[in-house]
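1. based on what follows, work out the 3D shape:
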Amino acid sequence: MSTSRIKSVLDTAATLDLIETNFQVLEQEIYTFRPSDENGSPTTDLGPPTAGTFEQDDVWRDAAGALWRCTAAGSPGSWTQVHAPVADVTSLSPGPFGMLVVGCDGLLYRSDGAAWQPMTLATAGGSVSGDLSCGGSLDVVGTVTGEAYYVGSDQVLGARVTGWTAPTGTADRTAFDTESASVTDLARRLKALIDDLFSHGLIGS
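-> Numbering: from 1, shown residues only. This is a model prediction of the structure:
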């Protein structure tokens with residue numbers, strides 16, 4: 001880090017202003033900022049960089065003014081969006097899948113890769129039109145209704161599979177030895193699994 005940009009706050013009447021400026025300098029030095037006009041050539045691309053080598057916590061500003069933070073160093077590394085710019089989505093080309101912008105109409109829009117889709121959320125009830133992508137944790141109080149849950153591009157949860165009838169008898173969730181387990185032991189573990197899937201709503205009658 002270059003210390004030449006840090007100004008002395010001694011013997012000056014503008015101590016508070018200089019302290020604020022010094023903190024801004026420290027933030028810029030600690031978190032490398034990679035602006036859209038890097039190397040004097042403004043980027044015309046939306047989204048994080050697709051080429052070059054970056055360190056973790058580098059920040060990139062794309063052509064729309066969206067800010068992206070590098071979460072894993074590499075070429076080009078892994079990125080997550082940390083700021084949604086205000087833009088006219090009627091004239092802005094769709095960004096990469098999951099990119100967020102605030103439209104001039106005040107609505108939040110999300111790119112599905114082909115078009116900007118409006119997202120509407122309310123404090124008491126509400127809905128999201130299209131897919132919802134979260135780059136971190138998403139806390140929900142209440143009920144979420146949807147068609148499927150994906151991790152990346154892989155569907156891990158979908159609609160309930162019906163046609164099942166809950167087995168009768170004894171369920172057992174304790175450990176067992178695969179070399180000596182009886183048919184009864186396996187049947188009881190299978191019943192426990194089916195009961196739990198019923199309880200979670202993944203399968204049903």
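
2. residue 172 versus residue 184, what's the distance?
-> Counting by C-beta to C-beta, to the nearest Å, the separation of residue 184 from residue 172 is 9 Å. The way it works is simple: take the backbone N, C-alpha and C, and place the C-beta from them, glycine included.

3. neighbour-wise, which of those two wins?
-> residue 172 (16 against 11; other C-beta atoms under 10 Å).

4. residue contacts, that one?
-> Applying C-beta atoms under 8 Å, 6 or more residues apart in numbering to residue 172 gives the contacts 185, 188, 189, 191, 192.

5. distance check, the last one against residue 200.
-> For residue 192, the distance to residue 200 under the criterion C-beta to C-beta works out to 13 Å.

6. and those two? Which one has more around it.
-> residue 192 (16 against 10).

7. tell me the spacing between the more buried one and residue 167.
-> Applying C-beta to C-beta, the value for residue 192 to residue 167 is 10 Å.

8. go on, residue 66?
-> 52 Å.

9. who has more neighbours out of these two?
-> A count of neighbours by other C-beta under 10 Å puts residue 66 above the other of residue 66 and residue 167, at 22 against 15.

10. which residues in the chain form helices?
-> Secondary structure of the chain by DSSP state H: the helices cover 15-30, 183-200.

11. now those in JSON lines, with distance to residue 97 and mean pLDDT?
-> JSON lines is the format used below for the helices of the chain (distance: least, C-beta to C-beta, whole Å; pLDDT from 0 to 100):
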{"stretch": "helix 15-30", "distance to residue 97": "30", "mean pLDDT": "66"}
{"stretch": "helix 183-200", "distance to residue 97": "29", "mean pLDDT": "95"}
